[in-house]
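Asks: Mind looking at a prediction? Sequence and model below.
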Amino acid sequence: MDWLWYTLKDKRFLTLLLIMNILGTIYGYIWYGSQLADTPAKFLLFVPDSPTASLFFVIVLIGFLFKKQFPLFEALAIVTLFKYGIWAVVMNLLVFVISGHLDFVMLMLMSSHAAMAFQGLLYSPFYKIKLWHLAVTAVWTLHNDIIDYVFFMMPRYSMLKDYMPQIGYFTFWLSIFSIFITYMLTIYKPRVRS
């Protein structure tokens with residue numbers, strides 16, 4: 001396992017991961033462009049879920065490259081990367097079940113979001129998250145769910161609009177599970193120190 005820890009902290013690997021996440025973040029904000037144009041200003045911060053999650057991870061990676069750590073951003077990154085990574089995969093699978101159609105864009109979204117979820121967990125042994133970081137992250141995450149499913153600011157999937165109550169319920173419990181898994185991986189269990 002030593003080779004894995006070495007690779008994960010290697011500057012070349014971190015730089016490659018950083019570039020990929022910057023490009024993915026930019027693409028994600030562009031993808032949300034039309035929805036953001038219709039979004040009231042007070043909700044703008046809470047609409048582009050996946051690109052904001054990868055933006056948190058960009059900050060974490062920059063910290064790693066400069067031998068600094070930002071535990072609050074680590075907590076925000078792991079919870080939101082896992083949550084929205086899994087969420088997007090499930091939503092695209094649901095679209096496939098309803099429509100019977102699976103295209104290149106859906107496959108790209110599922111693979112990129114699965115990678116998002118995985119990378120957040122992959123770096124969990126190096127995070128220095130404390131309970132208060134996770135508490136702030138829990139408030140952010142659950143507040144985001146309220147914005148999405150009470151004020152209807154969730155990502156738009158037109159063919160899923162009839163299932164919004166069920167999707168909201170699923171999303172709430174996915175948030176709880178994401179917070180729980182973060183606690184188990186970073187606070188409850190001993191971590192590898194860099």
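Replies: Ah, there it is. Numbers count the residues shown, from 1 in each chain.

Asks: Skip ahead from the lengthiest helix in the chain and say which helix or strand is next.
Replies: As assigned by DSSP state H, the longest helix anywhere in the chain is helix 71-99. For helix 71-99, the following helix or strand on the C-terminal side (DSSP states H and E) is helix 104-122.

Asks: what angle do that next one and helix 71-99 make?
Replies: Following axes from the mean of the first three to the mean of the last three CA atoms, to 10 degrees, one obtains 150 degrees for the angle between helix 104-122 and helix 71-99.

Asks: just for the protein, where's the confidence low?
Replies: Along the chain, segments meeting pLDDT under 70 span 1, 189-194.

Asks: Spatially central, which residue of it would that be?
Replies: Taking CA atoms, centre = their mean, the centroid of the chain lies closest to residue 81, which sits 2.0 Å from it.

Asks: Tell me the gap between the longest helix of the chain and the middle of its chain.
Replies: Chain-centre distance of helix 71-99: 6 Å, with CA atoms, centre = their mean, to the nearest Å.

Asks: for it, which positions count as buried?
Replies: 71-92, 94-95 (16 or more other CB atoms under 10 Å). No exception for glycine: its C-beta is placed from N, CA and C like everyone else's.

Asks: Can you tell me which helices and strands that helix packs against?
Replies: Counting contacts by 3 or more CB pairs under 8 Å, 6 or more residues apart in numbering; DSSP states H and E, helix 71-99 packs against helix 49-65, helix 104-122, helix 131-150, helix 164-183.

Asks: Turn those into TSV, columns for distance to residue 156 and mean neighbour count.
Replies: Output for the helices and strands packed on helix 71-99, formatted as TSV (distance: least, CB to CB, whole Å; neighbours: other CB atoms under 10 Å):
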stretch	distance to residue 156	mean neighbour count
helix 49-65	12	22
helix 104-122	13	17
helix 131-150	11	17
helix 164-183	11	17
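
Asks: No further queries at this time; thank you.
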